[in-house]
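> Turn this into a model:
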Amino acid sequence: MKYNQKLYEKVNEKYQNIATSQLSDQAFCKEVEKNIIASKGEEKEIWESLYLSTLLEGISRGYTHYNIKELESRLEYQAFKRMLKKTEVQHFLYRAVLHLWNGEYDEVFPLLEEYLDSFEDIRIKPLTEFEFLNHFVLPLKNGYSGMWNQIAVLLKKYGTGEDIIAMCYALEKYYYHEKWEEATDVLAIVLQKNPNFSIAKELLANVYYEMKYWKNAIFYYQQVEDLEINERIAYPEAIYFNIAWAYSKIRDYKQEELYYRKALDMMPSYPNAKNNLGWSLLKQKKYEEAEQVLRECVKEERDFPYSINNLCESLMRQEKLEDLTACVNKYHHKIGKWQLKNIEKKTGLTFDFGKKEKREPEETNMYISGQETQFSNERLLEEELWNRLDQGKDIFGMHLKIYEGPKGYGRQFIIPVGRLDLLAVDEDENYYVIELKKDSGYKDAYEQTVSYVKWIQKNMAKKSQKVYGIICLNQPTQELVDKVRNDKSMRLFEYHIHYQEIK
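Just a heads-up that it's a prediction; the model follows:
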């Protein structure tokens, strides 16, 4: 909707003065709503539009999913519903979102159609990724099953780019998948169409995080960590926390420490970040620094019971038995039973506080979706070979290592012509494209691998570097065997699984 430019600038200036005046959320809402009541006509509509936009931004920014129960207790949610009830202006997107929250799904899509029709420029220039993020991804999120497929069909009518259309289908799978591999497949398609599509990178990072592909997750999170806050879904502190957690899993404790510090710099109260920083320092044997951080945690009564157990560990490792005794006497009701037994065993100290609730604390990572990874047979084969590469063991009679470089990490390696299962290099920095199939039911395995080899040769390899393809499957066809035998750059391996009873 277009407004009189001078009037819009006048109202917006006043609105921004209120928004930046350090008022509490409640006082801000009260002040804006007072101005809305005092205005009329187009001026009132501008006030309402600015206000509703701010409220929806506050509700939707930073999260991948909506949790309606949590939303209902928030001030922005209540103010948003109140304003939409009062206004006579259509505000198609805002009403669509409200119907979505209320579970009135039949009302959502017609309003989205109306909303797109109100975009006067959409027929002249294509929707940008930034517009798609802020006008669709953030306000609509997980929506309802089938919603993103509907949006894809709708956007096609307006000549929207293929990458955004593919992103719609990817969002459908991201939110409604049976196993995470389905989401990686469609997000990879988006990046093949547009390697710079940051929404796909961010969501792919989340997926790999869930799948515990830690190095893949780190690579894609780091692709988006320096974007402006309005150019991505998650808040920066959440991304920093996830990167730190992933680094902890690959035992790179210096980087883990760095990213926990980044998360705390951005949001000092971020849950578990301070305790995990203390634990990271402990793992690096920076005992005094760890003690200081963990004492701050305990003093602030945060990240319990993890922080108090870790503080005890810090004092124990420094053999500060007097401080340890004082700590246990003061906080014994928060210390895990396992930790009390550990302290007694290692120090010879004895404590008797009666029965205590059993606790098994550990570092806590950020919840993203809750679904567990389910591997197919090919994924199991990939896991086996990747583990061997990661541990420095030979595979296929060669000493290879997984590729790590500016273009990514060599597991599930995405390139414009497809996604490689594994990309490895030898001691001479020659490349090996490793394609895994569970059986011979893939007639294009040879052609697919050759296309990957050619792309790596053209776009990544130097003149001195060679690129080879390796296909590994069970029961290859004679046709595949013949093709590989006639291609010096390709090798074929057959895997077998044997179970033999020992008598």
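> didn't Lys193 look like it was pressed against Tyr169?
No. Between Lys193 and Tyr169 there is no contact under Cβ atoms under 8 Å: 11.3 Å. For the C-beta atoms, the positions are set from N, CA and C on the backbone; glycine is no exception.
> Kindly list the longest helix within the chain.
helix 41-60 (DSSP state H).
> For that helix, name the packing helices and strands.
helix 5-19, helix 25-38, helix 75-86, helix 92-101, helix 138-140 (3 or more Cβ pairs under 8 Å, 6 or more residues apart in numbering; DSSP states H and E).
> For the third one, give the mean pLDDT please.
To tie it back to what came earlier, the one meant is helix 75-86. Average pLDDT, helix 75-86: 91.
> So what angle separates the directions of that helix and helix 25-38?
Angle of helix 75-86 versus helix 25-38, following axes from the mean of the first three to the mean of the last three Cα atoms, to 10 degrees, is 20 degrees.
> Quick one: the strands in the chain, in order.
Here the chain has its strands, by DSSP state E, at 401-402, 404-405, 408-409, 411-415, 418-425, 431-436, 467-473, 490-494.
> about what we covered before: export the helices and strands packed on helix 41-60 as a markdown table, with columns for distance to Leu420 and mean neighbour count.
Shown next, in a markdown table, are these (distance: least, Cβ to Cβ, whole Å; neighbours: other Cβ atoms under 10 Å):
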| stretch | distance to Leu420 | mean neighbour count |
| --- | --- | --- |
| helix 5-19 | 48 | 14 |
| helix 25-38 | 48 | 15 |
| helix 75-86 | 44 | 16 |
| helix 92-101 | 38 | 20 |
| helix 138-140 | 32 | 21 |
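> Export the ones you listed to TSV and append columns for distance to Gln255.
Formatted as TSV, these follow (distance: least, Cβ to Cβ, whole Å):
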stretch	distance to Gln255
helix 5-19	37
helix 25-38	36
helix 75-86	35
helix 92-101	38
helix 138-140	29
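> for those, which one sits closest to Arg419?
The closest of the helices and strands packed on helix 41-60 to Arg419 is helix 138-140. By Cβ to Cβ, the value is 27.1 Å.
> Need the winner for burial among the strands of the chain.
Among those, strand 431-436 has the highest mean neighbour count (mean count of other Cβ atoms under 10 Å), at a mean of 25.
> And the contacts of it?
For strand 431-436, contacts defined as Cβ atoms under 8 Å, 6 or more residues apart in numbering pick out 378, 381-382, 385, 398, 400, 403, 420-426, 445, 448-449, 452-453, 456-457, 460-461, 465-473.
> partners of that strand in the sheet?
Sheet pairing for strand 431-436, assigned by DSSP bridges, gives strand 418-425 (antiparallel), strand 467-473 (parallel).
> Could you give the average pLDDT over that strand?
On average, strand 431-436 scores 94.
> do stretch 417-425 as well
For stretch 417-425, the mean pLDDT works out to 94.
> From Val137, how far out is the residue nearest the centre of the chain?
Central residue of the chain (Cα atoms, centre = their mean): Asn206, 2.5 Å from the mean position. In this view, Asn206 and Val137 are 13 Å apart by Cβ to Cβ, to the nearest Å.
> Ok, Ile165 next?
Taking Cβ to Cβ, one finds Ile165 at 14 Å from Val137.
> So these two - more neighbours on which side?
Using other Cβ atoms under 10 Å, the more surrounded residue of Ile165 and Val137 is Val137, with 21 against 18.
> Settle this for me: that one is touching Cys168, isn't it.
No. Val137 is not in contact with Cys168 according to Cβ under 8 Å; the separation is 9.4 Å.
> related to what we said a few turns ago, could I get the strands of the chain as TSV with distance to Glu113?
Shown next, in TSV, are the strands of the chain (distance: least, Cβ to Cβ, whole Å):
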stretch	distance to Glu113
strand 401-402	47
strand 404-405	45
strand 408-409	38
strand 411-415	33
strand 418-425	34
strand 431-436	43
strand 467-473	47
strand 490-494	51
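> For Lys334, give me phi and psi.
phi -110, psi -10 (degrees, to the nearest 10).
> What is the burial count for it?
With other Cβ under 10 Å as criterion, Lys334 counts 17.
> quick one: low-confidence parts of the chain?
Within the chain, the stretches with pLDDT under 70 are 1, 120-124, 353-377, 439-442, 497-500.
> Domain boundaries for it, per the record?
Per automatic domain parsing, the structural domains of the chain span 5-197, 245-347, 377-494.
> okay, these, which one's buried deepest?
Most buried among the domains of the chain, given mean count of other Cβ under 10 Å as the contact rule, is domain 245-347, at a mean of 19.
> Quick check: end-to-end length of it?
31 Å (Cα to Cα, to the nearest Å).
> Repeat that for stretch 169-188.
Counting by Cα to Cα, you get 12 Å between the two ends of stretch 169-188.
> Number the residues from 32 up from this point.
Fine by me, first position is 32 from now on; the one you just mentioned is stretch 200-219.
> quick one: contacts of that stretch?
Under Cβ under 8 Å, 6+ apart, the answer for stretch 200-219 is 96, 168, 172-174, 176-180, 183, 197, 220-221, 231, 234-235, 238-239, 241-242, 402, 404-407, 410, 443, 445, 449-450.
> between the strands of the chain, which gets nearest to Phe163?
Using Cβ to Cβ, those put strand 442-446 closest to Phe163, at 20.3 Å.
> list the helices and strands that closest one packs on?
helix 211-224, helix 245-255, strand 449-456, helix 476-490.
> what is the orientation angle of the third one with helix 211-224?
I take that to be strand 449-456. 90 degrees.
> residues in contact with Asn247?
Per Cβ under 8 Å, 6+ apart, neighbours of Asn247: 235-236, 239, 439-440, 442-443.
> Export the residues you listed to CSV and append columns for distance to Gly190.
Formatted as CSV, these follow (distance: Cβ to Cβ, whole Å):
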residue, distance to Gly190
Leu235, 26
Ala236, 30
Tyr239, 32
Gly439, 31
Tyr440, 36
Arg442, 36
Gln443, 32
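> What is the most widely separated pair among these?
Farthest pair in the contacts of Asn247, by Cβ to Cβ: Ala236 and Arg442, 13.8 Å.
> re the thing from before, is it true that the residue nearest to the centre of the chain touches His96?
No. The pair Asn237 / His96 is not scored as a contact, 10.7 Å apart, by Cβ under 8 Å.
> Please work out how many residues are found near Gln253.
Neighbours around Gln253, by other Cβ under 10 Å: 14.
> tell me the contacts of the closest residue to Tyr240 other than its chain neighbours?
The shortest distance from Tyr240 to any non-neighbouring residue, by Cβ to Cβ, 6 or more residues apart in numbering, is to Ala248 (4.2 Å). Shown in contact with Ala248 (Cβ under 8 Å, 6+ apart): 236-237, 239-240, 273-274, 277.
> can you tell me which of the residues you listed are in helices?
Among the contacts of Ala248, the residues falling in helices (DSSP H) are 236-237, 239-240, 273-274, 277.
> which of those are buried?
Among these, those classed as buried by 16 or more other Cβ atoms under 10 Å are 236-237, 239-240, 273-274, 277.
> and the gap between the residue of the chain positioned farthest from its centre and His527?
Distance to the chain centre peaks in the chain at Lys534, reaching 49.4 Å (criterion: Cα atoms, centre = their mean). Separation of Lys534 from His527 (Cβ to Cβ): 21 Å.
> Perfect, that will be all.
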